[in-house]
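S.K.: make a model of this:
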Amino acid sequence: MTGQSPVLRLEGIVKTFPGVRALDGVSLSILPGEVHALMGENGAGKSTLMKVLGGIHQPDEGTIYVGEEPVVMSGPLEAKAKGIMFIHQELSLAGELSVAENIYLGELPRKRFGLVDWVDLERKTNDSLSRLKVGFNARTRVGDLSIANQQMVEIARALTVDAKAVIFDEPTASLTDAEKVVLFEVIADLQSQGVGIAYISHRMEEIFRITDRISVLRDGQYRGTVNTSETDEESVTQMMIGRKLDLSRLASHHELGDVALEVRGLCCGDLFEDVSFSVRSGEVVGFYGLVGAGRTEIAETLFGLREPSAGTILLNGEELRIASPADAIARGISLVPEDRKTQGLVLGMNCRDNMTLPQISDLKAGPFVAEGAEVAIFDQYRDKLDIRTPGWKQMVGNLSGGNQQKIVIAKWLSMHPNVLIVDEPTRGIDVGSKSEIHNLIRDLAAHGYAVIVISSEMPEVLHVSDRIVAMYSGRVMRTFTSEEVTEDTLIQAISGLTPGQAA
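M.R.: Reported below is the predicted structural model:
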């Protein structure tokens, strides 16, 4: 690829919002047929740069070139017309429409007199879907698809045009391992056609698997570009955050208390069965398993979102009946959900209101909410969790992923729970913020909280847990202490192998 002219080039891009210089002279180029990673902490400017490229924001300074032509992107449709396609992390689909209508929205093929050519539409759509090896067709209603399959519809959009460059923003966040393999095959196919790929991801293993070069942003500034084959994870992390990370196991240095939560023989239809475990005060118990193992469903049952079909839940030795989230909250069980943006936050509300939402009825002074009490709670937990925001009036949707996650955790900590369940604590969060969340989890345990962490990332669950519950197909296979667990034994357990079979 050396010596080739870029298909896409950004020169000296500057973008300022009130009080924030989001991009400060960023320059970047994407060559034909390369996969170019764009990395940086949450808030580093990656999303703003992509919005400038897509015409959602206009740069204050700088120039965008497509090939050798300077262009002004007035909006996403113009970007598409110039051959620049986006695969967004945040889905932008119409659930009531079919897959075909979503993919060709605004560009439906027409017959005489302006009538939609439905036969041609379905043929084109199914041709694109066949490349993705999905189990649905052009007529399927998008709202009936899983989040992972909706993401595949987003990807299919990029296959319908003669693209010069395709920007993938966290494309694998909701995909299974098998779907990731298909995606990587599609990317390789686009490469072979000379399409330039910009790939935004926090997943280091993907970056080092499929990319050719890596560019790093930090605090809105360009920090450099390296060849993937000539660097390593530690070097890229240092470029991103300006310091080294300690990725060793976080050991406990405090005494564990009594059993706070005990679960005996818990079942929920065909989702999971005969699940038993316990969590002590001051302990972090990690749940690890493949997609469909039942981990999230257990958390939802403990939080009252699902009704168990059998089994017993005990809190501090007392048997509980949890029929709703209100019951769980009243008894001191809190859940930080897997998808913070749709399940944990109201993105259009400010930070303070998101943080105090579950206890709003307790903060009333007569018929009105006591604003001073709300602000006091926000101030306390902003400082305690080091939440980086200009103030409580900031819309939570404008915060970085790591700070959004801290808002969700603060929301429940301000309720003083007995048990805190955290499902996928660092999904979509950069490595620096991951380290902060991991340290926060361990700090909560040190202060006596009983913490359950559900994670699909093995390094994470090994890093933060005192004990690990390995699940396979709705069953607990083994429970490990942090001293005895290894990567091999953990993989064997989540693959359904007993210790005897593994031997």
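S.K.: which SSE is Asp443 in?
M.R.: Assigned by DSSP states H and E, Asp443 belongs to helix 431-446.
S.K.: how many neighbours does Asp423 have?
M.R.: Other residues near Asp423 come to 25 when the count uses other C-beta atoms under 10 Å. Every C-beta, even on glycine, is put in place using the N, C-alpha and C of the backbone.
S.K.: state the pLDDT value of it.
M.R.: For Asp423, the model assigns a pLDDT of 92.
S.K.: rewinding a little: pull the residues that contact the helix holding Asp443.
M.R.: Applying C-beta atoms under 8 Å, 6 or more residues apart in numbering, the contact partners of helix 431-446 are 41-42, 202, 204, 237, 240-241, 245-246, 250, 252-254, 282-284, 385-386, 400-403, 405-406, 409, 413, 420, 422, 425-426, 429, 451, 453, 460, 463-464, 466.
S.K.: and the helix or strand that comes right after it, what other elements does it pack with?
M.R.: Proceeding N to C from helix 431-446, the next assigned helix or strand is strand 450-454, under DSSP H and E. On a contact count with 3 or more C-beta pairs under 8 Å, 6 or more residues apart in numbering; DSSP states H and E, strand 450-454 meets strand 259-268, strand 272-280, strand 284-289, helix 295-302, strand 419-423, helix 431-446, helix 458-464.
S.K.: can you say which of these is nearest to Val71?
M.R.: Judged by C-beta to C-beta, the one of those that comes nearest to Val71 is helix 431-446, at 33.5 Å.
S.K.: buried residues in the closest one?
M.R.: For helix 431-446, a neighbour-count test (16 or more other C-beta atoms under 10 Å) marks 431-438, 440-442, 444-445 as buried.
S.K.: ok, stretch 447-461 next?
M.R.: Judged by neighbour count using 16+ other C-beta under 10 Å, the buried positions of stretch 447-461 are 449-457, 460-461.
S.K.: closest to Pro6 out of these?
M.R.: Nearest to Pro6 among those, counting by C-beta to C-beta, is Glu457 at 33.9 Å.
S.K.: now the closest residue to that closest one other than its chain neighbours: phi and psi?
M.R.: Leaving aside its sequence neighbours, Glu457 sits nearest to Thr426 (C-beta to C-beta, 6 or more residues apart in numbering; 7.5 Å). Main-chain dihedrals, Thr426, degrees, to the nearest 10: phi -130, psi 20.
S.K.: of the contacts of helix 431-446, which belong to helices?
M.R.: In helices, defined here by DSSP state H, the members of these are 204, 237, 240-241, 385, 401-403, 405-406, 409, 413, 460, 463-464.
S.K.: domain assignment for this structure?
M.R.: Domain assignment for the chain by automatic domain parsing gives 8-241, 245-332+418-503, 344-416.
S.K.: okay, those domains in JSON lines with distance to Glu338 next?
M.R.: Shown next, in JSON lines, are the domains of the chain (distance: least, C-beta to C-beta, whole Å):
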{"stretch": "domain 8-241", "distance to Glu338": "10"}
{"stretch": "domain 245-332+418-503", "distance to Glu338": "4"}
{"stretch": "domain 344-416", "distance to Glu338": "9"}
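S.K.: check contacts around the most centrally placed residue in the chain.
M.R.: Central residue of the chain (C-alpha atoms, centre = their mean): Gly428, 3.0 Å from the mean position. For Gly428, the contact set (C-beta under 8 Å, 6+ apart) comprises 89, 170, 173, 202, 401.
S.K.: Gly220 - how many residues pack around it?
M.R.: Number of residues near Gly220 (other C-beta under 10 Å) recorded here: 23.
S.K.: surely it and Ala22 touch.
M.R.: Yes - if you go by C-beta atoms under 8 Å, Gly220 and Ala22 touch, sitting 5.3 Å apart.
S.K.: and for the two, which residues touch both?
M.R.: Joint contacts of Gly220 and Ala22 (C-beta under 8 Å, 6+ apart) are 45, 48.
S.K.: okay, and the beta partners of Ile214?
M.R.: Per DSSP bridges, the residues bridged to Ile214 are Ala37, Val226.
S.K.: neighbours around it, how many?
M.R.: If you count neighbours by other C-beta under 10 Å, Ile214 ends up with 24.
S.K.: try Asp339
M.R.: For Asp339, the count of nearby residues is 15 (other C-beta under 10 Å).
S.K.: cool, and Gln4?
M.R.: For Gln4, the neighbour count with other C-beta under 10 Å is 12.
S.K.: next one: Val119
M.R.: 10.
S.K.: so which strand or helix has it?
M.R.: Here Val119, judged by DSSP H and E, is contained in helix 118-132.
S.K.: what's that helix in contact with?
M.R.: Contacting residues not belonging to helix 118-132 are listed as 99-101, 103-104, 108-109, 136-139, 152, 155-156, 159-160, 182-183, 186, 189 [C-beta under 8 Å, 6+ apart].
S.K.: cool, stretch 65-74 as well?
M.R.: Outside stretch 65-74, the residues that touch it by C-beta under 8 Å, 6+ apart are 5-11, 52-55, 58, 63-64, 79, 82-84, 164-165.
S.K.: picking up where we left off before, tell me the buried residues in the helix holding Val119?
M.R.: Buried residues in helix 118-132 (16+ other C-beta under 10 Å): 118, 121-122, 124-125, 128-129, 132.
S.K.: report the distance from it to the chain centre.
M.R.: Put simply, helix 118-132 sits 29 Å off its chain's centre (C-alpha atoms, centre = their mean, to the nearest Å).
S.K.: show the average pLDDT along that helix.
M.R.: Rounded to a whole number, the mean pLDDT of helix 118-132 is 89.
S.K.: cool, stretch 394-406 as well?
M.R.: The pLDDT scores in stretch 394-406 average 87.
S.K.: can you tell me how far Ile409 sits from Ser334?
M.R.: Going from Ile409 to Ser334 by C-beta to C-beta, to the nearest Å gives 9 Å.
S.K.: okay, and the common contacts of these two?
M.R.: Taking C-beta under 8 Å, 6+ apart as the contact rule, the neighbours common to Ile409 and Ser334 are Leu420.
S.K.: if we can go back for a sec, from the contacts of helix 431-446, list the buried ones, please.
M.R.: Among those, those buried by neighbour count (16+ other C-beta under 10 Å) are 41-42, 202, 204, 237, 240-241, 245, 250, 282-284, 385, 400-403, 405-406, 409, 413, 420, 422, 425-426, 429, 451, 453, 460, 463-464, 466.
S.K.: keeping just the C-alphas, turn stretch 274-286 into PDB.
M.R.: Coordinates of the C-alpha atoms in stretch 274-286 are reproduced here as PDB (Å, rounded to 0.1, in the frame of the first residue of the first chain):
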ATOM      1  CA  ASP A 274     -30.500 -25.500  39.400                       C
ATOM      2  CA  VAL A 275     -28.300 -22.500  39.900                       C
ATOM      3  CA  SER A 276     -26.700 -22.200  43.300                       C
ATOM      4  CA  PHE A 277     -24.000 -19.700  44.500                       C
ATOM      5  CA  SER A 278     -23.300 -17.200  47.300                       C
ATOM      6  CA  VAL A 279     -21.700 -13.800  47.600                       C
ATOM      7  CA  ARG A 280     -20.200 -12.500  50.800                       C
ATOM      8  CA  SER A 281     -19.900  -8.900  51.900                       C
ATOM      9  CA  GLY A 282     -16.700  -7.500  50.500                       C
ATOM     10  CA  GLU A 283     -16.500 -10.100  47.800                       C
ATOM     11  CA  VAL A 284     -16.600  -9.900  44.000                       C
ATOM     12  CA  VAL A 285     -18.100 -13.000  42.300                       C
ATOM     13  CA  GLY A 286     -17.700 -13.100  38.600                       C
END
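S.K.: nothing else from me, thank you.
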